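Visitor: coords below, sequence missing:
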Ligand SMILES: [Fe+3]
Ligand SMILES: [Mg+2]
Ligand SMILES: [Zn+2]
Ligand SMILES: [Zn+2]
């Protein structure tokens, strides 16, 4: 139905009434917006209709003109829970003399700016039904309403309608149908509406794929019993399967590590839903948290929040070995909630995947990929359309910041400061990959895709690119990628047939920061991470830029050192330690263990498979190898995370010389740290403290050095190294009384998850200034 | 011969040149058909299809455990003929020697050539020598050209490849690449690792009567990864290898781990990869396993329909059951870990 057929200009208008047509954008679909508008219109005695179109909700109302004004004001002010309507256009239209207010069927012909709704946890109304034995949806795992439930993970197309979700296969029973079509019901147009009669059901299979015939209603008690007895269970969740087991049972946690071949990387722990607003004592005895962290745990996106361990913790030692924090979450679906209530203890809830691959989303893959890992499999028949990992959030420098944007947060929608002239896709980095799509003044960031080394991740990468463009009705003409031609994302870009633009990795980091804070003046940005390909062909990773997006000048870097072993150097911290020693001609006893035959030293001397690097991340690796004898690791940043976990007190620092190379480039010399790190009399804890304090100290020294010559008001810290909470809080301490503002990403991830965003921003900045240059040239 | 080192005069066509030919090439590379007097060798070819190939060999160091540039020059050309479905018969050789090369070294190279040719049942029938000034050549460069007789019953043709075919390798990979690396850079190891440098003709002969054998390739520079890329690109198919099945010596594996190399990109000089119909792969493996150097022959992967969504048609199923892409080799693979 088009607008023209509804609003006929031929109908005469009585003088006492008026009609207006409004277009609402923003978050208006999948959030109970239309029922809200309906109830409001009825309340005001207005007639007309409300309709979902692609990306927008249109409202036609007629009645008393004064009433119309209040009606539209109230829509914006009192919009329900997750809705965030933006009144895009409001115009007078001819009165049509409707005798009621109707909710029209969604129209998909016309395209407005689309907003894809996110998956959310149960709302309070659903929770109370879930807990009411008389309610038909009592303890029903797939309970949801127009305010809550699965969204992005089940959407197959836009507009958001049942027929465009994976629920389309379930035909509604009479009760659900009545609720769905009753505009006064809170499940009016709740697209995933379901009940035990007509909705998805649970099945339980054993490790051989044999259906155990457990009744849907008994699944929770069956699984709870197995978990209590020490079983490992793969359970289908919202955006993929979780592997669950008793987090207080040392044996099963160790078993899960061995079976999953995940020897040390921390597991997330899920706690039973707190009763009311009371903080659960179970959670409070294992970890400590602030009010903000508590609110984030309870928020509808149900992320994993990293929280400091407490000595009183009853969790198995192997949950997060040698680290100071636990990754904690609350139930993210009704099913999890019931299971956790029944076992009444914390459970490991880790993404069910093969190491380096995306989380599995269907039954077949679960049995294939988790063979030999899970004892029982809990499946349900509501298909997951696309995988979504749990979001991960961590407090650092006094604010909660995302480490991974996943379920409930992604797709992340942002507004560009200037419109982009051609629809552009940015394909991000190689690890922690996300992709971004930009058109007009909009920027949409995909969920975390992961490490593109595996074929499965590349497949998800590819699907996500297609998916985003299709959902938002945008067709990219330009692709922005990294300068590193070995990244799978870069190779994809080169084969895409689109116009390819390349952006340097650390400049993308800096631009993502500048974008988030809306910084337009020249600023100083520290970009410290592992490695990225620099403009000079060397591996950068400890850089300080000055400028604005499109105009970054590399001012300061760490003194380069030569790493042997290509990617092995990123996995084995001892290689970083060795590189520093060999370069300075210092002896390190650790080498007797790590390079007993001297092969690597020989290869280093002969420049075999060697690369020069200024990486801050590798300096942290080296420090961990020296201080803790962490020589090889099984997950990224394991050494630095363990090293940071030792820190309690802030000691004096070792001052690192900042040596001028020419009049606008300096190098920080890390060499004075070596005697400390090699000192056999000094404890690992003390080494960790001095090292962190010295690295924090050098940041303020660099700022002090640049200050007199290069005007700036903002200082940015970005790159994976700044996930280090100790480092950033000590930087904050040492720069507290300064005139400039020091910030690190808060809405965007500080790590490579933000690279795709920075690529877009950097591309806009460079192409805009190219256009300006061209225009200037032409007018001259 | 009194000279201990090659001088420019050895290449000037004068006395020293003649002496070099007589006292090195004839004496150590001797073969009845090697005619040093006439400018061209004369040989009779049966009235059948012949195959011809040529290749130049430069290797540093000139000598390595298990071979030297001389044996390499014979095997390289013999292997190219073999995998093309020909019985190698005759080789020509052409030396470019750098002034200052020790005579002893040259003799060892020529001897190794002769031995390799003898073992591979080929005749080196003509040769040439030039000497370049010191600094203008890497010791010894050798070009060989080879003629072989097309074995009429073989039907090796890359066009026969189809989804479902199996990939079979005749032995452990990367031995040559690692042996040369360790020898070149004087790792000073008492390494037992020797190059796989050898003729693959016996492997070809062992299986080329099997109808389902479709295509052979010797994975030299770029290793099995690049051999797979060439096949996948030529056929518009994909290839998936299975890490757990690929034979790899413990030493190659530990050197790769230690120095950060990927064994799938390391050169082999005596291995052959066959693409065969699935029903004959076991038979091929069985026959190869009884060949010399063939005891570790194994089926290591399969041909799949092209997966259009990837930029790379070759992948590897890892030990833990994941799958990663084996990209084309870059000049200098930079680390990607952030
Ligand atoms: Fe980075
Ligand atoms: Mg060749
Ligand atoms: Zn609800
Ligand atoms: Zn129902």
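Guide: Done, it's in. All values reported here derive from a predicted model rather than from experimental measurement. Ligands and ions are numbered 1, 2, ... in the order given.
Visitor: got the domain boundaries for chain B?
Guide: Using automatic domain parsing, the domain parsing of chain B gives B:8-150, B:158-325.
Visitor: Tabulate those (JSON lines), appending mean pLDDT.
Guide: Listed next are the domains of chain B as JSON lines, based on pLDDT from 0 to 100:
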{"stretch": "domain B:8-150", "mean pLDDT": "87"}
{"stretch": "domain B:158-325", "mean pLDDT": "92"}
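Visitor: For ligand 1, which of those domains is the nearest?
Guide: Of all those, domain B:158-325 sits nearest to ligand 1, with 20.2 Å by Cβ to the ion. Bear in mind the C-beta positions are built from the backbone N, C-alpha and C, glycine included.
Visitor: does any bit of that closest one sit next to ligand 2?
Guide: No. Residues of domain B:158-325 contacting ligand 2 under Cβ under 5 Å from the ion: none, with a closest distance of 6.1 Å.
Visitor: mind checking which of the domains of chain B is nearest residue A:499?
Guide: domain B:158-325 (17.0 Å; Cβ to Cβ).
Visitor: Can you give the distance of the closest one from its chain's centre?
Guide: Domain B:158-325 has its C-alpha centroid displaced from the chain centroid by 13 Å (Cα atoms, centre = their mean, to the nearest Å).
Visitor: do the same with stretch A:697-712
Guide: 32 Å.
Visitor: And stretch B:139-159, by the same measure?
Guide: The chain centre lies 11 Å from the centre of stretch B:139-159; the measure is Cα atoms, centre = their mean.
Visitor: so where do the helices sit in the stretch 151-300 of chain B?
Guide: B:175-184, B:201-207, B:223-235, B:250-259, B:281-289 (DSSP state H, counting those that start in this stretch).
Visitor: Let me have those in CSV, adding distance to residue B:44 as columns.
Guide: Formatted as CSV, the helices of the stretch 151-300 of chain B follow (distance: least, Cβ to Cβ, whole Å):
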stretch, distance to residue B:44
helix B:175-184, 35
helix B:201-207, 21
helix B:223-235, 35
helix B:250-259, 44
helix B:281-289, 32
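Visitor: would TSV of the ones you listed with distance to residue A:125 and mean neighbour count be doable?
Guide: Rendered in TSV, the data for the helices of the stretch 151-300 of chain B read as follows (distance: least, Cβ to Cβ, whole Å; neighbours: other Cβ atoms under 10 Å in any protein chain shown):
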stretch	distance to residue A:125	mean neighbour count
helix B:175-184	67	24
helix B:201-207	72	22
helix B:223-235	56	21
helix B:250-259	57	18
helix B:281-289	62	18
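Visitor: hang on, the earlier thing: quick check: which of the domains of chain B is nearest to residue A:119?
Guide: domain B:158-325 (25.7 Å).
Visitor: end-to-end on the closest one?
Guide: 22 Å (Cα to Cα, to the nearest Å).
Visitor: And for stretch A:679-688?
Guide: Criterion Cα to Cα; first-to-last residue distance in stretch A:679-688 is 12 Å.
Visitor: May I see the buried residues of it?
Guide: Residues of stretch A:679-688 classed as buried by neighbour count (16 or more other Cβ atoms under 10 Å in any protein chain shown): A:684, A:685, A:686, A:687, A:688.
Visitor: Helix or strand: which one has the third one?
Guide: Put plainly, it is residue A:686. Element membership for residue A:686 (DSSP states H and E) is helix A:684-706.
Visitor: Rebuild the domains of chain B as CSV, extending it with distance to ligand 3.
Guide: What follows is the domains of chain B, written out as CSV (distance: least, Cβ to the ion, whole Å):
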stretch, distance to ligand 3
domain B:8-150, 67
domain B:158-325, 37
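Visitor: Residue A:704: which of the ones you listed is closest?
Guide: Closest approach to residue A:704 among the domains of chain B (Cβ to Cβ): domain B:158-325, 38.7 Å.
Visitor: so, in contact with chain A or not, the closest one?
Guide: Yes. Shown here: domain B:158-325 in contact with chain A (Cβ under 8 Å from any Cβ of the partner chain) through B:181, B:185-189, B:255, B:257-261, B:309-312, B:315, B:320-325.
Visitor: Let me have the buried residues of stretch A:679-688 in CSV, adding pLDDT as columns.
Guide: CSV is the format used below for those (pLDDT from 0 to 100):
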residue, pLDDT
A:684, 96
A:685, 96
A:686, 96
A:687, 97
A:688, 97
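Visitor: which residue sits closest to the closest residue to chain B within the stretch 151-300 of chain A, ignoring its sequence neighbours?
Guide: Distances between the stretch 151-300 of chain A and chain B by Cβ to the nearest Cβ are smallest at residue A:261, namely 5.4 Å. Nearest residue to residue A:261 in three dimensions, chain neighbours excluded: residue B:320, at 5.4 Å (Cβ to Cβ, 6 or more residues apart in numbering or on different chains).
Visitor: residue contacts, the one you found?
Guide: A:261, A:354, A:355 (Cβ atoms under 8 Å, 6 or more residues apart in numbering or on different chains).
Visitor: The last one: neighbouring residues, count only.
Guide: Counted by other Cβ atoms under 10 Å in any protein chain shown, the residues lying close to residue A:355 total 16.
Visitor: Also the first one?
Guide: A count of neighbours around residue A:261, defined by other Cβ under 10 Å, yields 13.
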